[in-house]
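**Student:** 3D, please:
(one chain, ligands or ions: 1)
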Amino acid sequence: MHGLMMDVPLTIPLIARHAEALHGGKIVASRSPDRSVRRLPYAEVLGRARRLAGSLRHLGVRRGDRVATFCWNHHQHVEIYFAVPCMGAVVHTLNIRLGPEELSYIMNHAGDTVVIVDRVLLPAFERFRDRLTSVREVIVVDGNGDGPPGALDYESLITAGIPDPFEESIEEREAAAMCYTSGTTGRPRGVVYSHRSQLLHTLVILQPGCLGVSERDTVLPVVPMFHANAWGAPYAATFAGANQVHAGPYLDPKSILELMSSERVTATMGVPTIWMGILQELDRNAVAYDLSPLKQVMIGGAAVPEALIRAFAERHGIAITQGWGMTETSPVGSISYLTGELADAPADTQYAYRARAGRPLPLVEVRVRDETGVRPWDDSGMAELEVRGPWVAAAYYNAPETGDRFTRDGWFKTGDVASIDARGYIAIRDRAKDVIKSGGEWISSVALENAIMGMPTVAEAAVVGLSHPRWDERPLALVVLREGCVCTADAVREHLASQFPKWWLPDGVEFVPAIPKTSVGKFQKREIRDRYRDYFGQCVDPGAPVAAAPERPVAATKLPNA
Ligand code: ADP
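**Tutor:** Next up is the predicted model:
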């Protein structure tokens, strides 16, 4: 027997129509390249989106065509987020910080037919435009007539467009958006989101205990709209009727803090490295900013050091919530909200839980598995995290060689090494590719760097495993000190010695002015490994006992297929 409910397709036009009907007066504010802040009501943003869709249709964009964006976060990008999927095409967000080689590879692989480019990003676009094989039209935002010959002006298309009805019979399983992984661990791979996956992701992250924003909120996604859908914030804020704020090209701590103050932001999200900078600015000059409306700061995309969470809470009264996810998981998979049971727990216990990747969202299932099978939720050992759910990728676009990332019984292999405790809180111990294999045992680079970042003198720290003539790999720590602070390698090792077995302690500690970052602001461990490749080979006498033999091995297992 079938149910007798209406079979309404779960599509993005539902979000647009709901916001138009109920939240037309709410505001999307964005900072322009000239630093002015432009404020448009949703009614206008969505009206412009309809006219943009009309113009794209006129230009020949058809169902399933890929329309790429090469843009910062701003109201025009929100317009494109609606215009393209709501007319049945696919919005493909490009990571503006990738190199010309990767960008041309990604666009040609995706088969993008139209690309919408910010005028301020034209010089970067010019570096790979000649290599594009499928692009027919280039549209320039804030154009002033700039752009390659034949380029179209975004505003003129908005003025000329006939509003699109957004009522096309889009099926919920059709593609709505595309995003390539940023290639931290290899060649970029295309993830294709459906209308259904986007809508379900939006609904669930809106729940209390997730992003939990409502019509009373003002949301500033510091995370770029090209990085995994800005973690779903633009669709979630629009559906909820929250005001939105976008930082444009200005992502330095001062500019973000000024925008948070002036727009009275209540909820914001971004990667840890951004928030480390914000913390330093607040420590220096908190009185310059009014963050009193701020209720919700979600940090994710990389492990969030416990010290960062403590510092925000204890020095600035700001509670941090950690989220875990991947481009392949739309991206939010888990959130570290404290359960009611932990509400009265001692502060140290609460911080320890906030520093974990959190519990899986409703509809997302997780397991950790090694060659012995699925491990119990007892927080022991380290094994690969696998995940499944309606907004988890079932395949990569046109990449049959990546089939080994998906298990035969329908799970996605994240490539993250994790454990899960009895309460269902995941702890990401490392990426499989970054975990340090020393003397047949595993050392978590994330645990070491988070502990080093707990030192008051330290601003940032990254730990990598480097080839070692005796132990296979040994840890090297790169440390950036806070302004005006001093520290020694011995002090770093002493600090770690109280928390870790002796054989975990880094053999090398280097003080550096900065740590290389990826295009989305994570530590670029591949580059660090390349740069220091011969570090132990050159400075270590292979016969000398530089690293103590493992004294107390922790339970460590090998990944299946690792
Ligand atoms: P890329 O794989 O290119 O870095 P993603 O942004 O999709 O692009 O990165 C996903 C990865 O980021 C995860 O597999 C995980 O390793 C890491 N990550 C995300 N959130 C967290 C978190 N809260 N703690 C630890 N690692 C995280």
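**Student:** Helix, strand or coil: sort out residue 15 for me.
**Tutor:** What DSSP: H, G, I helix; E, B strand; the rest coil gives for residue 15 is helix.
**Student:** tell me which element the closest residue to it other than its chain neighbours is part of?
**Tutor:** Take residue 15 and drop its neighbours on the chain: the residue closest to it by CB to CB, 6 or more residues apart in numbering is residue 239, 4.8 Å away. Backbone N, C-alpha and C define where each C-beta goes, glycine included. When secondary structure is defined using DSSP states H and E, the element that contains residue 239 is helix 233-240.
**Student:** what does residue 76 give?
**Tutor:** Counting by DSSP H and E, the element that carries residue 76 is helix 75-86.
**Student:** just checking, next helix/strand downstream of that helix?
**Tutor:** The C-terminal neighbour of helix 75-86 among helices and strands, as given by DSSP H and E, is strand 90-93.
**Student:** what's the neighbour count on the nearest residue to residue 282 once chain neighbours are set aside?
**Tutor:** Of all residues not flanking residue 282 in the chain, residue 316 sits nearest, at 5.4 Å (CB to CB, 6+ apart). Residue 316 is flanked by 15 other residues according to other CB atoms under 10 Å.
**Student:** what kind of secondary structure is residue 215 in?
**Tutor:** Counting by three-state DSSP, the backbone at residue 215 sits in coil.
**Student:** phi, psi of it?
**Tutor:** The phi and psi values for residue 215, taken as degrees, to the nearest 10, are phi -60, psi -10.
**Student:** wouldn't it be in contact with residue 238 here?
**Tutor:** No: with the criterion set as CB atoms under 8 Å, residue 215 and residue 238 do not qualify as a contacting pair; they are 10.9 Å apart.
**Student:** Looking at those two, which is more packed in?
**Tutor:** A count of neighbours by other CB under 10 Å puts residue 238 above the other of residue 215 and residue 238, at 27 against 13.
**Student:** other SSEs contacting the helix holding residue 239?
**Tutor:** helix 13-22, helix 75-86, helix 195-205, strand 218-221, strand 243-246 (3 or more CB pairs under 8 Å, 6 or more residues apart in numbering; DSSP states H and E).
**Student:** and of these, who's closest to residue 520?
**Tutor:** Residue 520 lies closest to strand 218-221 among the helices and strands packed on helix 233-240, at 13.0 Å (CB to CB).
**Student:** Partner strands of the closest one and their direction?
**Tutor:** Based on DSSP bridges, the strands next to strand 218-221 in the sheet, each with its direction, are strand 243-246 (parallel), strand 267-270 (parallel).
**Student:** Buried residues in the helix or strand hosting residue 179, which are they?
**Tutor:** Using DSSP H and E, residue 179 sits within strand 175-180. Going by neighbour count (16 or more other CB atoms under 10 Å), the buried part of strand 175-180 is 175-180.
**Student:** what inclination does that strand have with respect to helix 75-86?
**Tutor:** 130 degrees (axes from the mean of the first three to the mean of the last three CA atoms, to 10 degrees).
**Student:** count of neighbours near the residue nearest to residue 15?
**Tutor:** 24.
**Student:** Report the set of residues contacting both of residue 215 and residue 238.
**Tutor:** With contacts defined as CB atoms under 8 Å, 6 or more residues apart in numbering, the residues shared by residue 215 and residue 238 are residue 23.
**Student:** Report the contact partners of residue 528.
**Tutor:** So, once contact is read as CB under 8 Å, 6+ apart, residue 528 ends up touching 462, 464, 476, 478, 515-516.
**Student:** Quick check: it is in a helix.
**Tutor:** Yes: remark: residue 528 belongs to a helix, assigned using three-state DSSP.
**Student:** I'd like the distance between it and the ligand.
**Tutor:** Residue 528 sits 15 Å away from the ligand, going by CB to the nearest ligand atom, to the nearest Å.
**Student:** Next, residue 155: secondary structure please.
**Tutor:** Taken by three-state DSSP, the conformation at residue 155 corresponds to helix.
**Student:** That one: how many residues sit nearby?
**Tutor:** Other residues within reach of residue 155, judged by other CB under 10 Å, total 14.
**Student:** now swap in the one 4 residues further on and tell me
**Tutor:** Residue 159 sits with 11 neighbouring residues when counted by other CB under 10 Å.
**Student:** could you say what helices and strands the helix or strand encompassing it packs with?
**Tutor:** Secondary-structure element containing residue 159, defined by DSSP H and E: helix 154-160. In terms of contact count using 3+ CB pairs under 8 Å, 6+ apart, helix 154-160 is assigned the packing partners helix 42-58, strand 137-141.
**Student:** strands paired with the last one, and their directions?
**Tutor:** This points to strand 137-141. Strand partners for strand 137-141, identified by DSSP bridges, are recorded as strand 112-118 (parallel), strand 152-153 (parallel).
**Student:** could I get the ones you listed as CSV with distance to residue 413?
**Tutor:** Output for these, formatted as CSV (distance: least, CB to CB, whole Å):
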stretch, distance to residue 413
strand 112-118, 28
strand 152-153, 42
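**Student:** mind checking which of the ones you listed is nearest the ligand?
**Tutor:** Using CB to the nearest ligand atom as the criterion, the shortest distance between the ligand and the strands paired with strand 137-141 is 19.6 Å, found for strand 112-118.
**Student:** my read: residue 390 touches residue 362, true?
**Tutor:** No: the criterion here is CB under 8 Å, and residue 390 misses it with residue 362 at 10.4 Å.
**Student:** who's more crowded, the two?
**Tutor:** residue 390 (15 against 12).
**Student:** ok, the residue nearest in space to the middle of the chain - contacts?
**Tutor:** Closest to where the C-alpha atoms of the chain average out (CA atoms, centre = their mean) is residue 301, at 4.1 Å. Listed by CB under 8 Å, 6+ apart, the contact set of residue 301 reads 223, 227, 270-272, 325, 520-522.
**Student:** Now with 6 Å, please.
**Tutor:** Neighbouring residues of residue 301 by CB atoms under 6 Å, 6 or more residues apart in numbering: residue 271.
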